[in-house]
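**Q** Here's my sequence, what's the structure:
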Amino acid sequence: MARTKKATRRGGVPSKAAPASQPSSGSVDPASLLEKAHILLGQSNFELAIKFLDRVLELEPTNLEARELAGVAELEGGDDEQGRAHLLQLLPPHVPEPPSHPSPYLYLAQTAQDPQEALGYYSTATAMLEQRIAVKDRKGKGKQQGDAADAGLELEEEDEEVRMAVTALVAMIEIWMSDLCFEESAEKNCDSLISRALSISPRDPEVRLALASIRMSQSRFEEAKAVVVSLYEDMEGREPFDPILPALPARLSLSRLLLEHHLHLEALDILSTIREEDSLNVEGAYLEGWALYLRAEYLRENPAAAVQANPTVKKQLEGKEQAAAQEDQEEETPMTPEECLSEAMRSLMECAKLYADQDYIDEGIGGHVAELLEELTKMGVEPAVPEEEDEDEDGDVAMA
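**A** This next block holds a predicted model:
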């Protein structure tokens with residue numbers, strides 16, 4: 001079952017302190033051990049953090065902060081069973097009152113095996129977060145009072161709560177669209193959840209991607225396409241590693257949706273940033289190959305398109321000097337169907353190697369790549385050869 005990424009642990013973790021040593025067996029201060037555990041968690045040293053937290057719990061079995069951190073450390077370290085055991089002890093009947101913050105519920109939702117259980121935990125967490133966000137909105141968003149550092153901290157906490165809320169709401173939508181898609185109330189619940197997410201953060205890429213997916217499932221294709229195009233336009237022309245670009249998973253999802261709407265060039269534009277930022281990304285290589293394959297099919301069915309520049313490129317040329325425009329036009333000469341297939345084969349061959357090297361778990365991708373490569377081989381397609389380095393007359397190396 002699809003799960004959203006791990007919830008960020010409540011509270012900041014100092015990152016500048018030196019690594020902690022093993023907890024001593026003598027008399028120790030639980031507060032000091034907790035501080036060291038926070039540092040280790042910030043350094044992703046989960047194994048050693050667990051040892052410190054176990055020591056705190058030996059000394060103070062009812063220390064709820066240590067119990068929660070132990071659960072987080074176990075989950076992040078890969079032991080879901082032990083992590084859940086710790087976090088469940090934060091809930092009644094193990095304690096008189098349930099946690100007043102969302103973090104334990106988010107972690108429990110992410111590790112739930114039953115979709116209804118996951119929805120229950122997500123619902124509790126999002127209700128808390130939405131209430132906090134609403135209270136802060138009423139007080140005045142970004143209100144500058146008191147010390148500037150305090151105001152900045154409040155804004156950072158508010159942004160984090162917004163991020164956690166929309167991530168949880170999107171995760172709930174994914175559950176209703178996958179595990180519970182045949183339930184009678186699935187569509188109504190998805191519409192309700194996306195409305196809540198949009199009211200919190202209408203420009204969030206994950207929220208807009210979820211909206212597009214919902215509209216696609218409702219066969220409201222033009223509305224879905226409008227959302228996808230607007231998302232692409234927000235990213236258009238941005239270079240790889242631009243901090244404005246969404247995280248890779250969101251861009252991969254956008255690329256898939258662009259391909260569903262036959263926007264091959266736009267998908268390839270987004271995929272180029274993914275491939276440059278992470279050349280070992282299996283799905284990025286797969287989608288690049290698939291997009292090029294689809295582009296070749298489109299050009300064969302629409303020969304006139306083979307001599308037309310990408311409308312996006314044409315738009316970028318407007319207002320430039322004529323000579324520069326001609327130079328850019330030459331650089332953006334559309335590929336022929338044969339060139340697209342050749343480039344597709346290169347990407348798919350690379351994907352197949354990455355898939356095997358990484359023991360990738362998505363059998364759907366592996367099967368489709370093998371099918372496409374077999375078809376391209378039967379067609380006699382040769383993979384494109386990367387441009388090689390040439391030496392100039394002085395012996396210096398220049399890229400071809």
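**Q** roughly how far apart are the residue nearest the centre of the chain and residue 209?
**A** In the chain, the C-alpha nearest the mean C-alpha coordinate belongs to residue 249, at 3.3 Å (Cα atoms, centre = their mean). Separation of residue 249 from residue 209 (Cβ to Cβ, to the nearest Å): 10 Å. C-betas here are computed from N, CA, C, even on glycine.
**Q** same for the strand or helix carrying residue 193, what does it pack against?
**A** Using DSSP states H and E, residue 193 maps to helix 186-200. Secondary-structure packing of helix 186-200 (3 or more Cβ pairs under 8 Å, 6 or more residues apart in numbering; DSSP states H and E): helix 115-139, helix 148-177, helix 205-217.
**Q** Quick one: residues in contact with it.
**A** 126, 130, 133, 162, 165-166, 169-170, 172-173, 176-177, 180, 204, 207, 210-211, 214, 217-218 (Cβ atoms under 8 Å, 6 or more residues apart in numbering).
**Q** Pull the distance from stretch 248-267 to the chain's centre.
**A** 14 Å (Cα atoms, centre = their mean, to the nearest Å).
**Q** do stretch 212-222 as well
**A** 21 Å.
**Q** Pull the CA coordinates from it and hand them back as CSV.
**A** What follows is stretch 212-222, C-alpha atoms only, in CSV (Å, rounded to 0.1, in the frame of the first residue of the first chain):
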residue,chain,number,x,y,z
ALA,A,212,-5.0,16.2,-11.4
SER,A,213,-5.1,12.5,-10.5
ILE,A,214,-8.6,12.8,-9.0
ARG,A,215,-9.9,14.6,-12.0
MET,A,216,-8.4,12.0,-14.3
SER,A,217,-10.1,9.2,-12.3
GLN,A,218,-13.4,11.2,-12.7
SER,A,219,-12.9,11.4,-16.5
ARG,A,220,-12.7,15.2,-16.2
PHE,A,221,-9.7,15.2,-18.6
GLU,A,222,-9.7,18.8,-19.6
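**Q** tell me which residues in it are buried?
**A** By 16 or more other Cβ atoms under 10 Å, the buried positions in stretch 212-222 come out as 212, 213, 214, 215, 216.
**Q** can you give me the strands in the protein?
**A** Using DSSP state E, the strands found in the chain span residues 389-391, 397-399.
**Q** Just the C-alpha atoms of the helix holding residue 193, please, in CSV.
**A** The C-alpha coordinates for helix 186-200 follow below in CSV (Å, rounded to 0.1, in the frame of the first residue of the first chain):
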residue,chain,number,x,y,z
ALA,A,186,-14.2,7.0,-2.4
GLU,A,187,-15.0,9.8,-4.8
LYS,A,188,-16.7,11.9,-2.2
ASN,A,189,-13.9,11.5,0.3
CYS,A,190,-11.3,12.3,-2.3
ASP,A,191,-13.1,15.6,-3.2
SER,A,192,-13.4,16.5,0.4
LEU,A,193,-9.7,15.8,1.2
ILE,A,194,-8.4,17.7,-1.9
SER,A,195,-10.6,20.7,-0.9
ARG,A,196,-9.0,20.7,2.5
ALA,A,197,-5.5,20.4,1.1
LEU,A,198,-6.1,23.2,-1.4
SER,A,199,-7.5,25.5,1.3
ILE,A,200,-4.3,25.0,3.2
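**Q** Out of the buried residues of stretch 212-222, the closest to residue 50 would be?
**A** residue 213 (37.6 Å; Cβ to Cβ).
**Q** Surely the closest one and residue 177 touch.
**A** Yes: with contact defined as Cβ atoms under 8 Å, residue 213 counts as touching residue 177 (6.7 Å).
**Q** How confident was the prediction at the nearest residue to residue 235 once chain neighbours are set aside?
**A** Excluding the flanking residues, the one nearest residue 235 by Cβ to Cβ, 6 or more residues apart in numbering is residue 245, at 5.9 Å. pLDDT, residue 245: 96.
**Q** And residue 245, how far from residue 276?
**A** Distance of residue 245 to residue 276, given as Cβ to Cβ: 11 Å.
**Q** What residues does the residue nearest to residue 235 make contact with?
**A** Here residue 245 is in contact with 235, 238, 251, 273 (criterion: Cβ under 8 Å, 6+ apart).
**Q** repeat that with 10 Å
**A** 205, 234, 235, 238, 239, 251, 270, 273, 274, 277 (Cβ atoms under 10 Å, 6 or more residues apart in numbering).
**Q** What number of residues are in the vicinity of the second one?
**A** Just to be clear, that refers to residue 234. 15 (other Cβ atoms under 10 Å).
**Q** Now do the contacts for the nearest residue to residue 261 once chain neighbours are set aside.
**A** Computed as Cβ to Cβ, 6+ apart, the closest residue to residue 261 that is not its neighbour in sequence is residue 225, at 4.8 Å. Residues near residue 225 by Cβ under 10 Å, 6+ apart: 212, 215, 216, 257, 258, 260, 261, 262, 263.
**Q** Let me know the closest of those residues to residue 354.
**A** Here the nearest of these to residue 354, counting by Cβ to Cβ, is residue 258; it sits at 21.9 Å.
**Q** And the residue lying closest to the closest one once chain neighbours are set aside, how far from residue 384?
**A** Leaving aside its sequence neighbours, residue 258 sits nearest to residue 267 (Cβ to Cβ, 6+ apart; 3.9 Å). Applying Cβ to Cβ, the value for residue 267 to residue 384 is 18 Å.
**Q** Look at those two and report which has more neighbours.
**A** Remark: of residue 267 and residue 384, residue 267 carries more neighbours, 27 against 18, as counted by other Cβ under 10 Å.
**Q** That one against residue 232, yeah?
**A** Yes: contact criterion Cβ atoms under 10 Å: residue 267 and residue 232 qualify, at 8.6 Å.
**Q** which neighbours do the two share?
**A** 254, 255, 257, 258, 261.
**Q** Neighbour count and distance to residue 288 added to these, as CSV?
**A** Compiled in CSV, those are given as follows (neighbours: other Cβ atoms under 10 Å; distance: Cβ to Cβ, whole Å):
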residue, neighbour count, distance to residue 288
254, 25, 14
255, 26, 9
257, 22, 15
258, 26, 12
261, 19, 17
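**Q** just curious, which of these is nearest to residue 42?
**A** Using Cβ to Cβ, those come closest to residue 42 at residue 254, 31.0 Å.
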